[in-house]
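A.B. asks: got a sequence here, can you model it:
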Amino acid sequence: MAPMGGRQSDRQESVSERLARLERENAELHSRLVALTDEAARNEALLRKTQERELDLLRAGSLAQLLERLINGLRSSYQLDAVSLLLHDPQHEIRHLLAGDGFALDGLAEVRFVDALITMAPQLAALASDFLAHLGVIAAICIENAVNRARLVRSGLTDFLTGFHNRRYLHARLTEELARAQRAHQTVACLMIDVDHFKRINDQYGHLAGDAVLRELAQRIDAEMRMSDTGARFGGDEFAIVLPQGGAADGAIVAQRVLNAVRSTPIAITPGVTETVTLSIGVAAAAPDPTTRDFKSLAERLMAEADAALYRAKGAGRNTIAVSEHLVA
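C.D. replies: Residues are numbered from 1 along each chain as shown. From the prediction side, this is the model:
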């Protein structure tokens, strides 16, 4: 039989071990609690940032502004080195809407437009956290809403027959380009285009045939414009083109391309019937004076000068181009 003192020593050692174990467990629990508290604080801060980003996106006033806030806002909020946005745009509609608003597609190099999503690596989807995944859903909704809003705005600035911009849009765009040209010390050219003897087509074949001719003309004109140019149906059988950063010589080059594209191939009027259509085109350019502030009036003077050149082309026998030698200022 072991001595009594030995059994007490064993019990004391056992209690000491349990106390030590409990202290270690308590320390581990405390450490885990501190880690969980830190993680909760980080998640709360991340949640606030995400909510701020969502509100910022929802307040975007245009599609271009939304893209800018997606890129630069995410980069600054999350202190990221780089942010890229991949947009599925198979019909190029988003690109057209942005270009129609005067947004330079290379203005945000971080935005990539793709015609098919197979170009995106599938494993990238697994890299998104819950917060970013939720933000992605909000961003997608915002982009869809912005596109729909841009469509609606454009519908009020678009000629329903040809799909070209209308006169109202042209005047607004010309005003903006003249203001930009003043800041950059550049010129802006304007083309006024009239379809020769269009009344005869309407009278001989009917207005539906005339509408078909106008649609075809719009397509041919659009195909010869530069990417930066803006075309519009000015009214009736008149079209117009604005050439940013273009002078009278640039306008004459575009005008010649348009004229050749229209008259080189007859247009189908009815089955088995075609007509060769020609144009009269007037070209003028403006170099805004540094003191100019009324760009609307300047736009009207530039269009009037191009219109005067157009009438000289018609007076010269039509199917030709007249270029104004007067630089509007």
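A.B. asks: just give me the neighbour total for Phe113.
C.D. replies: Phe113 is flanked by 15 other residues according to other CB atoms under 10 Å. Where you see a C-beta, it was placed from the backbone N, CA and C, and this is true even at glycine.
A.B. asks: for Thr320, give me phi and psi.
C.D. replies: Thr320 has phi and psi values of phi -160, psi 180 when expressed as degrees, to the nearest 10.
A.B. asks: in this structure Arg151 contacts Leu63, no?
C.D. replies: No: Arg151 is beyond contact range of Leu63, at 9.9 Å (criterion: CB atoms under 8 Å).
A.B. asks: overlap in contacts, these two.
C.D. replies: Counting by CB atoms under 8 Å, 6 or more residues apart in numbering, the residues touching both Arg151 and Leu63 are Leu97.
A.B. asks: from Leu191, how far out is the closest residue to Ala232 other than its chain neighbours?
C.D. replies: Nearest residue to Ala232 in three dimensions, chain neighbours excluded: Leu170, at 3.7 Å (CB to CB, 6 or more residues apart in numbering). Applying CB to CB, to the nearest Å, the value for Leu170 to Leu191 is 11 Å.
A.B. asks: could you check which of the two is surrounded by more residues?
C.D. replies: More crowded of Leu170 and Leu191, by other CB under 10 Å: Leu191, with 28 against 24.
A.B. asks: doesn't the more buried one fall inside a strand?
C.D. replies: Yes: Leu191 forms part of a strand when assessed by DSSP: H, G, I helix; E, B strand; the rest coil.
A.B. asks: can you pull up the bridge partners for it?
C.D. replies: With DSSP bridges as the criterion, Leu191 is bridged to Ile241, Val283.
A.B. asks: buried ones in stretch 135-148, by neighbour count?
C.D. replies: Across stretch 135-148, burial judged by 16 or more other CB atoms under 10 Å covers Leu135, Ile138, Ala139, Cys142, Ile143, Ala146, Val147.
A.B. asks: same check, this time on stretch 177-194
C.D. replies: The neighbour-count check on stretch 177-194 (16+ other CB under 10 Å) flags 177-182, 186-194 as buried.
A.B. asks: before we move on, back to that, joint contacts of Leu170 and Leu191?
C.D. replies: Common contacts of Leu170 and Leu191 (CB under 8 Å, 6+ apart): Ala240.
A.B. asks: could you list the domains of the protein?
C.D. replies: 8-155, 167-328 (automatic domain parsing).
A.B. asks: let me see the mean pLDDT of the shortest one.
C.D. replies: Computed over domain 8-155, the mean pLDDT rounds to 76.
A.B. asks: show me the helices in this structure, by range?
C.D. replies: Ranges of helices within the chain are 4-58, 63-68, 74-77, 93-100, 130-155, 167-184, 198-205, 207-224, 248-263, 295-315, based on DSSP state H.
A.B. asks: and the angle from the last one to helix 167-184?
C.D. replies: With axes from the mean of the first three to the mean of the last three CA atoms, to 10 degrees applied, the angle from helix 295-315 to helix 167-184 works out at 110 degrees.
A.B. asks: what helices and strands are in contact with helix 295-315?
C.D. replies: Judged by 3 or more CB pairs under 8 Å, 6 or more residues apart in numbering; DSSP states H and E, helix 295-315 is in contact with helix 167-184, strand 188-195, strand 279-286, strand 320-328.
A.B. asks: angle of it against strand 279-286?
C.D. replies: Here helix 295-315 runs at an angle of 140 degrees relative to strand 279-286 (the same axes, to 10 degrees).
A.B. asks: hey, C-alpha coordinates of helix 295-315 in CSV?
C.D. replies: The C-alpha coordinates for helix 295-315 follow below in CSV (Å, rounded to 0.1, in the frame of the first residue of the first chain):
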residue,chain,number,x,y,z
PHE,A,295,-22.0,77.8,-79.3
LYS,A,296,-25.6,77.3,-80.2
SER,A,297,-25.6,80.3,-82.5
LEU,A,298,-22.2,79.2,-83.9
ALA,A,299,-23.7,75.8,-84.7
GLU,A,300,-26.5,77.5,-86.5
ARG,A,301,-24.1,79.7,-88.5
LEU,A,302,-22.0,76.7,-89.5
MET,A,303,-25.1,74.7,-90.6
ALA,A,304,-26.2,77.8,-92.6
GLU,A,305,-22.9,78.1,-94.3
ALA,A,306,-22.9,74.4,-95.2
ASP,A,307,-26.5,74.8,-96.4
ALA,A,308,-25.4,77.7,-98.6
ALA,A,309,-22.7,75.5,-100.1
LEU,A,310,-25.3,72.8,-100.7
TYR,A,311,-27.5,75.2,-102.8
ARG,A,312,-24.4,76.1,-104.8
ALA,A,313,-23.9,72.4,-105.5
LYS,A,314,-27.6,72.1,-106.6
GLY,A,315,-27.2,75.2,-108.8
